[in-house]
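A.B. asks: after the sequence you'll find the predicted model.
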Amino acid sequence: MALAHLQYPLQTPKNSSTSSRQQQTKKQLLQPMLEKAGDAIAVLDPSGTLLEVNAAACHLFGRSRRTLVGKPLATFIKPVLDITFDVNQVSLNGQITIICPKGIERHVEYTLTHNVYPQVHLAIFRDLTQRQAQAEEELRWQRQRVELFSEVTLKIRQSLQLKEILRATVTEVQRILRADRVLIYQVLADGTGKPISESVLPAYPAILGMEFPEEVFPKDYQTLYAQGRVRAIADVHSPNAGLADCLVEFVEQFDIQSKLIVPILQNLNPPSPSPENSQNQLWGLLIAHQCSGPRTWADFELELMQQLADQISIAIAQAQLLETLEERVAARTAQLQKMNHNLQQEINDRMQAEAALRQSEEQLRLITNALPVLIAYVDHQQKYRFNNKAYEDWLNQRPADIQGSHLQSVWGEACYRRMQPSVEAALDGAVVTYENEVMVHDGSTRSVNVTYIPHLDEQQTVQGFFALTSDISDRKAIERMKDEFIAVVSHELRTPLTSMHSALKILATGRLGTLSVDGQQMLEIADDNTERLVRLVNNVLDLQRIESGEVTMDKQAHNAADLMIQAMEAMQPMAGQQGVTISAYPKDILVWADADYIVQTLTNLLSNAIKFSLTDGVVTLTIEVRPTPEDKTKKEVLFQVCDQGQGIPADRLENIFQRFYQVDSSDSRKKGGTGLGLAICRKIIEQHEGTIWAESTLGAGSIFSFTLPTLKR
Amino acid sequence: MEVKRVLIIDDEESIQTVVKFGIAMAAGWEVLTASSGPQGIDTAQSESIDVILLDVMMPEMDGIATFHALKTYPETEEIPVIFLTAKAQTAEKNHFNDLGVSGVITKPFNSLDLPGQISKILHWELQS
């Protein structure tokens, strides 16, 4: 060995040959150690001359031992290494640069130990250049790993499709780790499982899609993985791997020599606030296989696998969220579609309803336009809101122009004044019918019958009213003719009646000659019937005049007692003839009335009462003031005529006020009535704004009552 | 009471007759007759008349015109006039009263009752 030639300037102790032998033995022992040491070692004398170098040093300096030994160390290094020491200093260290041949420089760390032997120093060099390169390499690797990791992560994240993510993961992991097979094994709920994604070198069998029984991956394994266990098995056959024989056998069929397993976990309830619920569940495993031989898995590889497994977890969670989201979107879409459908249906229905409404409106318009009456709707401001076409015919104004106009502006001041009370009554909620005279566009006047029907909303508030106006000009003309005819006829009858009446009365005196008994009787019949005819003519004329409105009641303040007495006195002769007593109870009450007509009414009622009384009967005439039935705060005067006659059936009590209506037709002849008396009474009382009615008890008698308003001051 | 002289102006002869008979029979008064307004005015001017019964409805010159004419002559303006009418309405009666007629007797009437009615209107003392 080279070291055998070492000529150390060793200072051997002078007095001990044993010691020299010992030293020699030590030297022999040290020599091979020195030679084999990994570090570069040099032995120096105090002047810094190299006494010995080992192989590593030769390698480091790039020079042969011969070149180095005997030369000063300073020749090969920079800066100059000061090897003079403080006596107390055992060793020193630092960094120098070794200058190798061809200008190559090596940065080294050195340790200089003084006096390992007397006057012999030991220098040990360690190449820093190499370590730096290693460190740089390491750094480069790390950077590459980070880049790879982010690349994989990006690839994974670029897809939302789980399948795509898994495929990308296995492909990338296989590429980065240069593993022979990378797969993702999904653990199913029943403990079985199967690889669902795989990237495998063509040389080795693919196991994608194979279903593995539960025994391959027992429950306790699952639990361990669920807790986050990572397994790196460098060699499946190594006893250290701790794999059961059967399992080794099992993996051998897929050529698996080494494997790295990381769990893919799934957080069951990520959003749950309670920690006990946010349990991790094992979703599957990310597995790398080495088939070519055993492999020691580096930490960074484990780390990469774990991080990717975490990424997959996230991707699964996202995929499930997406799936849930898609389900919800689908459900919501279906719901929206249904709603949309319903909405469409509703729109259709509404459109149909609107079409029907339009059609109905059109029909209504056609109908209202076809009718010869004026039909309108007037709002609460007395403005027209609807008019049919008849308005155009009458007023020569289009309905569209009339709408929005006030009644007064449409009909004029004078006509509106006649309408106003009825309009106000309708807007107070009353159905009103009245007659009016209106002027149409050609200046002619038409008689109209008008009905106002209030329009109430759900709150019973009057919104306006419907106005129906029909032309009654023809009817009015006929009525006028009838009235005139009656008036003329009645009048023309009066003159001959006067003659007949007077002539018969004169004959009846007997002063123009005496008639036989039969002749006398005939004369009486003629006289009675003439009188009856006179009454009839009078009544017909009265009724016609009152009904036609020709009569205006000449109302004045009168003492009711006077009227009652007048009537009683007028009827006294008749009562006397019939043997009937009239009991009147007059009171001094002022009434606002046409005295003649009220007396006529009272005489009429008294006359009826007397006619239908039995001999010795009593007819009572009374008067009182009482509150009105409608409003207890108001008062009215009540006149009553009571008899003790046969009475009137209840169902006839209203009919008797009709013209020529008599309860028993035989009575008519017997009692010599005209059939118009009560009709006239009713007309008279109506003209006085009072009411007249009859009450009766069959066999006990009747009460005829009428009211008059109390005196208006 | 002295015998009154009554003039009846009516275009109906039968009315003239029954009025004449009735008044004469009931009260013994003298009754003069005329068939038209102008004839009546003539009679009233030429004769001494206590009361004129004047029919309102007459052809040509009606009762109202005749009444106005009577009021224009000094010989007749003081003679009380009572209208005989088929129009018995209060308003018409008031209208006639406003003209200055003394009274209104409505047709149909019983001529026997006329002296009573006239006396009542004109406040004559009637002999019972």
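C.D. replies: Nice, I can see it.
A.B. asks: and A:C415, how many neighbours?
C.D. replies: For A:C415, the count of nearby residues is 18 (other CB atoms under 10 Å in any protein chain shown). For every residue, glycine as well, the C-beta is placed using N, CA and C.
A.B. asks: just give the nearest non-adjacent residue to A:T581, would you?
C.D. replies: A:V618 (4.8 Å; CB to CB, 6 or more residues apart in numbering or on different chains).
A.B. asks: thought the one you found was touching A:Q644?
C.D. replies: Yes - between A:V618 and A:Q644 there is a contact under CB atoms under 8 Å: 6.1 Å.
A.B. asks: more neighbours: those two, which one.
C.D. replies: Neighbours were tallied for A:V618 and for A:Q644 using other CB under 10 Å; the higher tally belongs to A:Q644 (19 against 15).
A.B. asks: pLDDT wise, what is the more buried one at?
C.D. replies: Looking at A:Q644, its pLDDT is 92.
A.B. asks: picking that back up, tell me how far the residue nearest to A:T581 lies from A:S583.
C.D. replies: Distance of A:V618 to A:S583, computed by CB to CB, to the nearest Å: 6 Å.
A.B. asks: go on, A:A355?
C.D. replies: 76 Å.
A.B. asks: to the chain's geometric centre, what's the distance from the biggest helix by length in chain A?
C.D. replies: Secondary structure of chain A read by DSSP state H shows that its longest helix is helix A:299-370. Distance, stretch centre to chain centre, for helix A:299-370: 16 Å (CA atoms, centre = their mean, to the nearest Å).
A.B. asks: same deal with stretch B:62-81?
C.D. replies: 11 Å.
A.B. asks: contact partners of it?
C.D. replies: B:9, B:37, B:40-41, B:44-45, B:49-52, B:54-58, B:61, B:83-85, B:99-103, B:121-122 (CB atoms under 8 Å, 6 or more residues apart in numbering or on different chains).
A.B. asks: which ones, among these, also lie beside chain A?
C.D. replies: B:M57 (CB under 8 Å from any CB of the partner chain).
A.B. asks: buried ones in stretch A:98-114?
C.D. replies: Within stretch A:98-114, the residues scored as buried using 16 or more other CB atoms under 10 Å in any protein chain shown are A:98-99, A:106, A:108, A:110, A:112, A:114.
A.B. asks: go on, stretch A:187-200?
C.D. replies: Quick answer for stretch A:187-200 (16+ other CB under 10 Å): A:187, A:191, A:193-200.
A.B. asks: start to end distance for that stretch?
C.D. replies: Across stretch A:187-200, the terminal residues are separated by 20 Å (CA to CA, to the nearest Å).
A.B. asks: for that stretch, what is the distance to the chain centroid?
C.D. replies: Relative to the mean C-alpha coordinate of its chain, stretch A:187-200 is positioned 49 Å out (CA atoms, centre = their mean).
A.B. asks: ok, and the helix or strand in the chain with the lowest average confidence?
C.D. replies: In the absence of a named chain, chain A is used. Lowest by mean pLDDT, DSSP states H and E among the helices and strands of chain A is helix A:665-671, with a mean of 53.
A.B. asks: look at chain B instead
C.D. replies: Ranked by mean pLDDT, DSSP H and E, the weakest helix or strand in chain B is helix B:90-99, scoring a mean of 75.
A.B. asks: now the element after that one, going C-ward?
C.D. replies: strand B:103-106 (DSSP states H and E).
A.B. asks: neighbouring contacts of that next one?
C.D. replies: Strand B:103-106 is contacted from outside by B:53, B:80, B:82-88, B:92-93, B:96-97, B:114, B:117-118, B:121-122, using CB under 8 Å, 6+ apart.
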